[in-house]
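Novice: Next come a sequence and a model predicted from it.
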Amino acid sequence: MRFPSKAIRSSAVRPGPERAMILAAGKGTRMRPLTESTPKPLIEVNGRTILDRTVDRLVEAGVTTMVLNLHHLGDQIEAHLGRRGDAAFVFSREPELLDTGGGVANALALLGAETFWVVNGDVLWLNSGESALARMVRAWDDTRMDALLFLHSTVEAYGYSGRGDFFFDTAGRVERRRENEVSPFLFTGIQILHKRLFQGIDAPRFSLNVLYDRAIAEARLYAVVHDGEWFHIGTPAGLAEAEEFLSVSFPGTRRR
């Protein structure tokens with residue numbers, strides 16, 4: 001069953017979170033030698049950086065302020081975004097890497113609102129019909145959810161060869177793949193989180209997986225499945241596959 005999340009869909013039209021956290025502090029070690037001089041989010045695919053594509057999508061979704069954590073070659077990211085005028089960019093520097101959860105927790109005061117986007121700075125996705133982020137907003141239910149993850153079919157993802165990350169039921173509630181299992185869905189690096197998810201966490205460095213497990217235990221982790229393309233750009237080979245798809249499918253354009 002490809003889309004068991006119908007139960008969490010709503011016909012209501014409402015604005016989504018106006019603030020987003022873009023995780024941009026990673027070193028991109030698997031992308032070397034490209035990332036020795038260029039931070040991974042600034043790598044170009046079909047003439048446009050991965051980061052700009054993400055910012056474009058967030059702006060389209062109504063995001064006005066974006067917080068980015070910076071570490072490896074962070075000055076380049078700050079200078080690059082300084083040339084954009086379509087959103088406010090705030091930077092959270094990490095002299096030492098704090099992992100995904102610690103990076104967001106360290107920036108909570110900058111994010112302000114109760115709910116906000118968190119998006120990996122190196123993800124690339126294409127919409128199919130309705131905007132992926134609009135589908136996320138439509139699915140979000142504050143009374144039932146602490147986190148809403150955007151998933152994708154493992155067999156339809158470009159550049160991905162892993163065992164998947166999650167299962168979820170007909171109501172959209174998420175369960176994690178056990179160690180020896182193979183699951184049909186991977187996490188795309190796109191999510192809506194509620195600030196209450198971080199309550200009681202004192203460790204400066206931790207993974208968002210800690211919070212996902214807490215939300216699963218309380219039946220408050222939900223998901224929506226992407227119906228467009230998603231690209232795993234974790235290696236130069238993955239980058240080449242994404243580049244080939246975009247250049248062949250959309251020649252002469254900077255497909256967003």
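Specialist: Right, received. Where do you want to start? None of the values given here were measured: they were computed from a predicted structure.
Novice: What confidence value was assigned to the nearest residue to Ala113 once chain neighbours are set aside?
Specialist: Closest residue to Ala113 in three dimensions, ignoring its sequence neighbours and counting by CB to CB, 6 or more residues apart in numbering: Arg19, at 5.4 Å. Backbone N, C-alpha and C define where each C-beta goes, glycine included. Note for Arg19: predicted pLDDT of 96.
Novice: Could you do Ser5 as well?
Specialist: Predicted confidence (pLDDT) for Ser5: 38.
Novice: And Leu221, by the same measure?
Specialist: 95.
Novice: go on, Leu68?
Specialist: On the pLDDT scale, Leu68 gets 96.
Novice: can you pull the contacts of the residue nearest to Ala113?
Specialist: Val63, Thr64, Thr65, Met66, Val67, Leu111, Gly112, Ala113, Phe116, Trp117 (CB atoms under 8 Å, 6 or more residues apart in numbering).
Novice: Just the ones of those in helices?
Specialist: Leu111 (DSSP state H).
Novice: Buried ones among the contacts of Arg19?
Specialist: Buried members of the contacts of Arg19, counted by 16 or more other CB atoms under 10 Å: Val63, Thr65, Met66, Val67, Leu111, Phe116, Trp117.
Novice: would you turn the residues you listed into JSON lines with distance to Arg214?
Specialist: Listed next are these as JSON lines, based on distance: CB to CB, whole Å:
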{"residue": "Val63", "distance to Arg214": "26"}
{"residue": "Thr65", "distance to Arg214": "27"}
{"residue": "Met66", "distance to Arg214": "26"}
{"residue": "Val67", "distance to Arg214": "23"}
{"residue": "Leu111", "distance to Arg214": "19"}
{"residue": "Phe116", "distance to Arg214": "18"}
{"residue": "Trp117", "distance to Arg214": "20"}
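Novice: and the contacts of Arg19 as TSV, adding distance to Ala24?
Specialist: Output for these, formatted as TSV (distance: CB to CB, whole Å):
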residue	distance to Ala24
Val63	15
Thr64	18
Thr65	15
Met66	10
Val67	10
Leu111	15
Gly112	19
Ala113	20
Phe116	15
Trp117	14
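Novice: can you pull out the helices in the stretch 51-200 of the chain?
Specialist: 74-81, 99-106, 108-111, 132-139 (DSSP state H, counting those that start in this stretch).
Novice: For Arg196, find the nearest of those.
Specialist: Arg196 lies closest, by CB to CB, to one member of the helices of the stretch 51-200 of the chain: helix 108-111, at 11.0 Å.
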